[in-house]
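Chemist: show me the folded form of this:
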Amino acid sequence: MKILIVDDEAPIREYISYCIQEAGPEFELAGCFARADKVLEYLRDGEAELLLCDITMPGMDGLELLSEVRKRHPRLETVVLTCHDDFHYARTALKGGCADYVLKSELDPVTMKQLLMKVADRKRQAEMDGRIIGYIGAAQFLREIIADKGITRVDPEDLKLHGIQPESQYFAIVFQYGNKLLNRLELNLPPWLSHPAVFTLDRGRAVLLGGVSLSGGESEISKQVQAFKGNLERLSDGTVGVSGLHHDPSALKQAFLEAIADADRRFYDGTTFMRGNLRWDPDSLRQDLLSLRNAAITAVGERNYPVYADAVKDILARVRGGQVGASFLKELLLDIVRSTPEMGEDFSGNIEKAATMDGLCKELNRFSGALMERMPRYSENISAALEHIRAHYAEDLSLQDVAGAVYLNNEYFSRRFKKEVGVNFSEYLLRLRLSQAVKLLQNTNLRVGTIADQVGIPNVSYFSLVFKKQYGVTPNEMRYQMKGEKSTK
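Modeler: Sure thing, here's the model as predicted:
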């Protein structure tokens, strides 16, 4: 690692140089300067990976230098050298992107080596993450191929155009990725795995496409692939699925589908992969599940726990046999969980990472229990207010109107409503109006503008905006989903 020093005191520069030399041969002093502007001159053509920078210097000071370095050489790591009495400057430098600071009074060869090792480790980690993130690219093309039911084989020329060239024998492996795995994946790639490439598949899942540079029969190769899969399972937060061994580049989609199907089977019941017998999620079932999802979200918005519980129970009963992919099911349930902003973040992470159906149900039960606790019985005044809102939500209804209807002071009613219901009056009214809009979208052919007007939001642009914010799709898109059609927009 090449290192630069800038400090206006010669004895300190010499001592820091000595400490760097003592740290080991992997650390090289590339330049030693008394003025900040000389560092910038050097960096026009010279190379460095770390800058050790004093703060209080004549002319351009350390903070100005760090600001320029950050703009011109953002990949250069910087560490501040500071005294006790200018610590507030070091804190300013840290806020500006400096990686670390060192007190000059505590500097010695041991401290310097620890600092340099920490910087080197951080740079290696950043480079590793960059390479892995580089793998997770060119994924849109593959996702489109996987999603298109009309495509059974892939043109090898199309693969080449997107920088994808499977080896003469290759396999695909699906895994749940996260920081834990991304930080360690490259260190755990087996030596026989040639030209590995990772592509994002869907929320939290990726597919690794790897060539096999092993001699021997297919059974021996399969044994090595399964061992690699087992290692990934120990590193990953979720279920791992693997394809069979393939030799034809045009069968790439088949390999991906095999890996996805293997992961799904293991998610539902843990059975080992049996090649073949692949199936697509039944469209009619998917539409039924989307309707149940919408019913559950509506029930949550109306704080109607029994209806919510029935919808979720029906969803789980319909998918127990593994008729839909694990990713689709998780996405469905996450939509429900995230419809409660005050609770969604506490539960969505574990639901997303659930490795088995049993684990998913356990996390969903935790969410349902917490949701039930947040749906208490209301006081007489608030119960009456809720009834009034449900009866008049389509009108031009204000907090003052409802407070007057239940004979409460506006300010007291507002505080009481928020405390008992969990959201303020305007948020509750908006959710109720949107949930009623969902019912009209599902059960009528009314135009979106008419529906908006009928639920009390006459501005159709605003209605569409808040609808998408609540449900993640536009009103028309939700109608298409519920009717099993594709949006042409």
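Chemist: from now on I want contacts and neighbour counts done on CA atoms only, so please keep to that.
Modeler: OK.
Chemist: between the two ends of stretch 26-35, how far is it?
Modeler: Stretch 26-35 has an end-to-end distance of 26 Å (criterion: CA to CA, to the nearest Å).
Chemist: apologies, that question was intended for stretch 201-208.
Modeler: Note: stretch 201-208 ends 10 Å apart using CA to CA.
Chemist: how about it: buried residues?
Modeler: Residues of stretch 201-208 classed as buried: 201, 205, 206, 207, 208 (neighbour count, 16 or more other CA atoms under 10 Å).
Chemist: ok, now stretch 353-362?
Modeler: Using 16+ other CA under 10 Å as the test for burial, stretch 353-362 gives 353, 354, 355, 356, 357, 359, 360.
Chemist: contacts made by that stretch with the rest, please.
Modeler: Applying CA atoms under 8 Å, 6 or more residues apart in numbering, the contact partners of stretch 353-362 are 176, 204, 237, 238, 239, 266, 267, 268, 269, 270, 351, 363.
Chemist: and if we set it to 6 Å?
Modeler: Residues outside stretch 353-362 that contact it (CA atoms under 6 Å, 6 or more residues apart in numbering) are 237, 238, 239, 267, 268, 351.
Chemist: closest one to residue 229 out of the residues you listed, please.
Modeler: When the contacts of stretch 353-362 are compared for distance to residue 229 (CA to CA), residue 239 wins out at 10.1 Å.
Chemist: just the pLDDT at that closest one, thanks.
Modeler: Note on residue 239: pLDDT of 80.
Chemist: where's residue 311 relative to residue 335, distance?
Modeler: Residue 311 is 13 Å from residue 335, by CA to CA.
Chemist: now the strands: where do they sit in the stretch 1-150 of the chain?
Modeler: 2-6, 28-33, 50-54, 77-82, 100-103 (DSSP state E, counting those that start in this stretch).
Chemist: in CSV: the ones you listed, plus distance to residue 450.
Modeler: What follows is the strands of the stretch 1-150 of the chain, written out as CSV (distance: least, CA to CA, whole Å):
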stretch, distance to residue 450
strand 2-6, 68
strand 28-33, 71
strand 50-54, 63
strand 77-82, 59
strand 100-103, 60
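Chemist: leaving out chain neighbours, which residue sits closest to residue 382?
Modeler: residue 417 (6.4 Å; CA to CA, 6 or more residues apart in numbering).
Chemist: wait, a helix at that neighbour?
Modeler: Yes - judged by DSSP: H, G, I helix; E, B strand; the rest coil, residue 417 forms part of a helix.
Chemist: the closest residue to residue 61 other than its chain neighbours: neighbouring residues, count only.
Modeler: With CA to CA, 6+ apart as the criterion, residue 61 has its nearest non-adjacent residue at 5.8 Å, and that residue is residue 55. Applying other CA atoms under 10 Å, we find 26 residues neighbouring residue 55.
Chemist: moving C-terminal from the biggest strand by length in the chain, which element do we reach first?
Modeler: The longest strand of the chain (DSSP state E) is strand 193-202. Beyond strand 193-202 in the direction of the C-terminus, DSSP states H and E gives the next helix or strand as strand 205-212.
Chemist: burial count for the residue nearest to residue 382?
Modeler: 23.
Chemist: please determine how far it is located from residue 407.
Modeler: Separation of residue 417 from residue 407 (CA to CA) stands at 13 Å.
Chemist: cool, and residue 475?
Modeler: On the measure of CA to CA, residue 475 and residue 407 end up 37 Å apart.
Chemist: returning to that earlier point: would you point out the most distant pair within the contacts of stretch 353-362?
Modeler: Checking those with CA to CA, the most distant pair is 237 and 268, at 15.8 Å.
Chemist: relative to residue 153, how far out is the residue nearest to residue 382?
Modeler: Residue 417 sits at a distance of 59 Å from residue 153 (criterion: CA to CA).
Chemist: now residue 29
Modeler: From residue 29 to residue 153 the distance is 56 Å (CA to CA).
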